[in-house]
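J.: mind looking at a prediction? Sequence and model below.
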Amino acid sequence: MSHLSILPTVYTRLDYLARALTQEGFKVQFGGCLDDVGAEPVPADLVASCGDRRPLGWSRQSDGTICLCGDLQRISSNPGLEARLQRVARRYALLFAIDQITIERDRLTTAAISLLQD
């Protein structure tokens, strides 16, 4: 069992979330509004749609996290959508982990080069 499937994922990077959604088959747009959440359109930093379903949106919060804004009852009643969003979370976590490994590798490479030059 992958640890990624049991750890909660906190979204902090819109670019990774957009990539994960795209890889899961969603059409992604940065910026927009959701008309179906309440009486007034709700602005979203990232809007994702798939087929003829109503779009989902994510907005950055004041603490830097990114939260889903949408009708949770609709999400739970839409067959397969919850599972797709879980796969998006796992893809996001994997993209984030790969990036952290790349950053650390680059840091170590730079440090090794610096030591060799000394």
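T.: Looks like it came in fine.
J.: can you list the buried residues in the longest helix that the chain contains?
T.: When the chain is parsed with DSSP state H, its longest helix is helix 81-117. By 16 or more other Cβ atoms under 10 Å, the buried positions in helix 81-117 come out as 84-85, 88-93, 95-96. C-beta: built from backbone N, CA, C; applies to glycine.
J.: also stretch 25-45?
T.: Buried residues in stretch 25-45 (16+ other Cβ under 10 Å): 26, 28, 32, 34, 37, 42, 44-45.
J.: other residues contacting it?
T.: 14, 18, 21-22, 46-50, 54-60, 66, 69-71, 74, 84, 88 (Cβ atoms under 8 Å, 6 or more residues apart in numbering).
J.: buried members of those into ChimeraX, please.
T.: Only the buried entries of the contacts of stretch 25-45 go into this ChimeraX selection, using 16+ other Cβ under 10 Å:
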select :14,18,21,46,47,48,49,50,54,55,56,57,58,59,66,69,70,84,88
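J.: in strands, which of the contacts of stretch 25-45 appear?
T.: 46-49, 56-60, 66, 69 (DSSP state E).
J.: now the two most distant members of the residues you listed.
T.: Greatest spacing in the ones in strands among the contacts of stretch 25-45, by Cβ to Cβ: Ser49 and Arg60 (19.4 Å).
J.: find the nearest non-adjacent residue to the residue nearest the centre of the chain, please.
T.: Taking Cα atoms, centre = their mean, the centroid of the chain lies closest to Leu17, which sits 2.3 Å from it. Leaving aside its chain neighbours, Leu17 sits nearest to Tyr11 (5.3 Å; criterion: Cβ to Cβ, 6 or more residues apart in numbering).
J.: OK, contacts around the one you found?
T.: Residues in contact with Tyr11 (Cβ under 8 Å, 6+ apart) are 17, 58, 65-67, 92.
J.: for it, which residues make a bridge with it?
T.: Ile66 (DSSP bridges).
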